[in-house]
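Q: Below are the sequence and a predicted model for it; my questions follow.
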Amino acid sequence: RKYVVVTGGVLSGIGKGIISASIARVLKESGIQINALKIDPYLNVDAGTMNPNQHGEVFVTEDGYEADLDLGHYERFLGIDVRRTNNMTAGQIYKAVIDKEREGRYLGGTVQMVPHVTGEIKDRILSVEGQVVMIEIGGTVGDIEGEIFLEAVRELAFELGRENFFFVHVTYVPYLKATNEFKTKPSQQSIQLLRRIGIHPDMIAVRSESPVTNNDLKKVALFGGVPQDMVFNLPDMNNVYEVPYRLYTLGIHEKIAKALNLSISGEFHWDF
Ligand code: ADP
């Protein structure tokens, strides 16, 4: 089984969910059997108790699970019914580990973040079926809550083989009106933060308000240590349902398939 892991840097709300669902859609249209796992690093067990004013409407899945609204992206973009197994929260992980501890299932061991919490996360990731599993890690790299999930994914890539993992990092390049320029520094720093914890991204998706220059993308590639053909810009679009086709025109599916050694073929359809 292969994994595409999407992380985000700089800010939240930059379109990581839309990019993840869009990559998943392009891979699906390429004839790949794809499944998705959204990881929410918050301590709520599910989104059922969260204020919709703060977090958006709760998305109720077919099997009655109260999920984050992001799960709806996958349902609409992939044309599938998502279930509770398509979402994982830190609350679920810690609850499961503490319940196991109370049941004496760690046989007297000292229960620790590594290997017990990471072990629980890895087991749940491994239980998701599919030829390719799209893992979207919520939040921003550097968040305390998210660290343990990044560590678990890093370990898994090491254990299962780096060739089975493809890491996409989504960053944001702000535009400074006063000096009329785009600024790549926050992107550079978020990539460095990711590398510092042992994850070297394979691809960088640069989000921005309007198209950035090639020179800016070159800088992100150089400082990020990623080949230039693996860095692409995704400016704001009027309609997020056009993002999958945009990624297709950039050849994202071919680049991911090549890196993961997947054969792809397909007649592409973009209707929703
Ligand atoms: P994140 O997962 O990073 O928090 P989302 O994917 O949920 O972000 O997107 C946040 C908001 O930005 C959503 O309202 C979405 O419709 C909008 N958005 C995402 N990507 C784009 C894009 N490429 N162009 C315009 N709007 C976008």
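A: The structure has been received and is ready for your questions.
Q: do the helix or strand encompassing residue 149 and the ligand meet at all?
A: Assigned by DSSP states H and E, residue 149 belongs to helix 144-160. No - contact of helix 144-160 with the ligand (CB under 6 Å from any ligand atom) is absent, the minimum separation being 12.6 Å. For glycine as for every other residue, the C-beta is placed from the backbone atoms N, C-alpha and C.
Q: elements contacting that helix?
A: Here helix 144-160 touches strand 2-8, helix 90-102, helix 118-126, strand 132-137, strand 165-172, going by 3 or more CB pairs under 8 Å, 6 or more residues apart in numbering; DSSP states H and E.
Q: Just want the angle from the fourth one to helix 144-160.
A: For strand 132-137 against helix 144-160, the angle by axes from the mean of the first three to the mean of the last three CA atoms, to 10 degrees is 150 degrees.
Q: What pairs with strand 132-137, parallel or antiparallel?
A: As defined by DSSP bridges, the strand partners of strand 132-137 come to strand 2-8 (parallel), strand 34-40 (parallel).
Q: how about those, which one is nearest residue 152?
A: With respect to residue 152, and counting by CB to CB, the nearest of the strands paired with strand 132-137 is strand 34-40 at 9.2 Å.
Q: ok now that closest one, how far from the chain's centre?
A: Offset of strand 34-40 from its chain centre (CA atoms, centre = their mean, to the nearest Å): 8 Å.
Q: now swap in stretch 13-23 and tell me
A: 8 Å.
Q: quick one: buried residues of stretch 144-157?
A: Neighbour-count burial for stretch 144-157, counted by 16 or more other CB atoms under 10 Å, picks out 146, 148, 149, 150, 151, 152, 153, 154, 155, 156, 157.
Q: and it, C-alpha only, in PDB?
A: The C-alpha coordinates for stretch 144-157 follow below in PDB (Å, rounded to 0.1, in the frame of the first residue of the first chain):
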ATOM      1  CA  ILE A 144       2.300  21.100  19.600                       C
ATOM      2  CA  GLU A 145      -0.800  18.900  19.100                       C
ATOM      3  CA  GLY A 146       0.300  17.800  15.700                       C
ATOM      4  CA  GLU A 147       3.800  16.800  16.500                       C
ATOM      5  CA  ILE A 148       3.000  13.300  17.600                       C
ATOM      6  CA  PHE A 149       1.100  12.600  14.400                       C
ATOM      7  CA  LEU A 150       4.100  13.800  12.300                       C
ATOM      8  CA  GLU A 151       6.400  11.600  14.400                       C
ATOM      9  CA  ALA A 152       4.100   8.600  13.800                       C
ATOM     10  CA  VAL A 153       4.000   9.200  10.100                       C
ATOM     11  CA  ARG A 154       7.800   9.700  10.000                       C
ATOM     12  CA  GLU A 155       8.300   6.400  11.800                       C
ATOM     13  CA  LEU A 156       5.800   4.600   9.500                       C
ATOM     14  CA  ALA A 157       7.600   5.900   6.400                       C
END
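Q: ok so, going back, columns distance to the ligand and mean pLDDT on top of the strands paired with strand 132-137, output as CSV?
A: Shown next, in CSV, are these (distance: least, CB to the nearest ligand atom, whole Å; pLDDT from 0 to 100):
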stretch, distance to the ligand, mean pLDDT
strand 2-8, 5, 97
strand 34-40, 9, 95
